[in-house]
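Student: sequence unavailable; structure follows:
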């Protein structure tokens, strides 16, 4: 069954429901940790999980990817560190970027703490909708480049501006 990709927005409770749903379907995880301490507070805890592998990640200089089986300990750690607090605040142990994977398919990807990308089948969307999740509000996206289109290179400043714009759209400040 083919998967479509969606930008999923919502409250921490909705995100927790999405996370719990895909933790039941996934059998592996990938957690990405950049160099430096600011975004990598959970790195030692993930490295301590049994049976993980560690490799450099080509997506960012100095970044590693920790991959492993979704054991009960890994699931508990992802539940604890994979979502932001109820008040929307970030903390130093929060996961910066991670994926839940089933065999070779990515089911859920969280990037830059708050960009939730769901890769769902029609059956999964229907199941999520039955759980009262606002699936119809999610924006369907394509992660494939269009034929003949060459992506422009982005530097750290471009990425920071893009991440900020996404946060402003999906998590507006209420004044």
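Tutor: Thanks, I have it. Remember, it's a predicted structure, so these values are computed and weren't measured experimentally. Numbers count the residues shown, from 1 in each chain.
Student: kindly list the main-chain dihedrals of the most centrally placed residue in the chain?
Tutor: Among the residues of the chain, the one closest to the centroid is residue 110, at 1.2 Å (Cα atoms, centre = their mean). In this entry, residue 110 is assigned phi and psi values of phi -110, psi 130 (degrees, to the nearest 10).
Student: now the worst-scoring helix or strand of the chain on mean pLDDT, how far from the chain's geometric center?
Tutor: Least confident helix or strand of the chain, by mean pLDDT, DSSP states H and E, is helix 156-170 with a mean of 77. On the basis of Cα atoms, centre = their mean, to the nearest Å, helix 156-170 sits 16 Å off its chain's mean C-alpha point.
Student: which strands or helices does it pack on?
Tutor: Using 3 or more Cβ pairs under 8 Å, 6 or more residues apart in numbering; DSSP states H and E, the elements in contact with helix 156-170 are strand 115-120. For every residue, glycine as well, the C-beta is placed using N, CA and C.
Student: tell me the mean pLDDT over the strand it packs on?
Tutor: Averaged over strand 115-120, pLDDT sits at 92.
Student: which of the residues in the following helix or strand past that strand are buried?
Tutor: Using DSSP states H and E, the helix or strand that follows strand 115-120 in sequence is helix 122-130. Across helix 122-130, burial judged by 16 or more other Cβ atoms under 10 Å covers 124, 125, 128.
Student: what's the closest of the residues you listed to residue 163?
Tutor: residue 128 (25.5 Å; Cβ to Cβ).
Student: name all residues that make contact with the residue nearest to the closest one when sequence neighbours are not counted.
Tutor: Using Cβ to Cβ, 6 or more residues apart in numbering and skipping the chain neighbours, the partner closest in space to residue 128 is residue 135 (5.3 Å). Counting by Cβ atoms under 8 Å, 6 or more residues apart in numbering, residue 135 makes contact with 6, 125, 128, 129.
Student: need the strands for this structure, in chain order.
Tutor: 4-8, 28-33, 53-56, 64-69, 97-102, 105-111, 115-120, 139-141 (DSSP state E).
Student: which one of those strands lies closest to residue 76?
Tutor: Across these, closest to residue 76 is strand 28-33 (Cβ to Cβ), at 11.9 Å.
Student: how far does that closest one sit from its chain's centre?
Tutor: With Cα atoms, centre = their mean, you get 9 Å for strand 28-33.
Student: and stretch 132-148, by the same measure?
Tutor: Remark: stretch 132-148 is offset 15 Å from the chain centroid, using Cα atoms, centre = their mean.
Student: so where's the protein uncertain?
Tutor: Filtered on pLDDT under 70, the chain yields the residue ranges 1, 36-40, 83-92, 144-152, 174-175.
Student: which one of the strands of the chain lies closest to residue 155?
Tutor: So among these, strand 105-111 is nearest, using Cβ to Cβ, at 17.2 Å.
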